[in-house]
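# A predicted structure for the sequence below; I have some questions about it.
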Amino acid sequence: MIETIRNKIEKIVEQACAADTNIFGYDIWTHHILQVVQNAKQLAPRFDADPEIVEFAALLHDYASIKDEALYADHHIHGPIEAEKLLKRFGYPEEKTEAVKDAIASHRASVRIEHRSAEGACLANADAMSHIEQPPSLLYLAYVHHGMGIDEGRLWVKEKLQRSWQKLREDVQDIVRDRYEAALKVL
Ligand SMILES: [Fe+2]
Ligand SMILES: [Fe+2]
């Protein structure tokens, strides 16, 4: 049953990524969401986090801003609300829904919220890790989405990477240290 719910959620998020209204383009599905899901599952044992909760939270963590650009600025607030609507609709257990919402609420580097749970910390690390793994996605965001100039975009990406890096737990930094240092050298 959980697997069925997961598949339905996955379909809905992928469809939202493919919709014309998604300002990030379909690439956010292939280059970010799926990557965060994979990272979260990989990191779950290190954080003593529930792998099912982190998988659902990873799938849904940016859903609000993908669905509606106006929700981007506060998507750590709208994310849990949107997640709850979907999870309720598919009959996902209430206690687990709360855990998924908590993790989504604390996932952003730019918004300082104490990590409330192992799952929240795991998701935040998986999200930050994916930024460090995907500098081209950030460059695309800067130049195409935000329409920045060369140096403005370079600096924006660099600072985003630095913030993501600072959000990583030390043992997770070790996993992506090579990529981080290489990216900084280029930027
Ligand atoms: Fe996000
Ligand atoms: Fe994200």
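Cool, the structure landed. Given the structure is predicted, the values throughout are model-derived calculations rather than measurements. Ligands and ions are numbered 1, 2, ... in the order given.
# okay, the residue nearest the centre of the chain and Leu168: tell me how far apart.
Nearest to the mean C-alpha position of the chain, by Cα atoms, centre = their mean, lies Asp127 at 4.2 Å. As judged by Cβ to Cβ, to the nearest Å, Asp127 and Leu168 stand 10 Å apart. Quick note: C-beta positions are derived from backbone N, CA and C, even for glycine.
# before we move on, what about Gly149?
29 Å.
# who's more crowded, those two?
Leu168 (22 against 10; other Cβ atoms under 10 Å).
# could you pull up phi and psi at the more buried one?
The phi/psi pair for Leu168 (degrees, to the nearest 10) reads phi -80, psi 140.
# what about the residue nearest to the centre of the chain, distance to Ile33?
10 Å.
# again, but for Asp178
24 Å.
# what's the helix or strand for the residue nearest to the centre of the chain?
In this structure, Asp127 sits in helix 118-133 according to DSSP states H and E.
# what distance do you get for the nearest residue to Glu14 once chain neighbours are set aside to Trp165?
Spatial nearest neighbour of Glu14, chain neighbours left out: Trp29 (5.4 Å); criterion: Cβ to Cβ, 6 or more residues apart in numbering. Trp29 sits at a distance of 24 Å from Trp165 (criterion: Cβ to Cβ).
# residues near Gly91, how many?
10.
# equivalent analysis for Gln134, please.
Neighbours around Gln134, by other Cβ under 10 Å: 17.
# going forward can the numbers begin at 7, since that is how I track them
OK, 7 is where the count begins now, so the last one is Gln140.
# backbone dihedrals for it, please?
Torsion angles, degrees, to the nearest 10, at Gln140: phi -130, psi 60.
# please consider this matter closed, and thank you.
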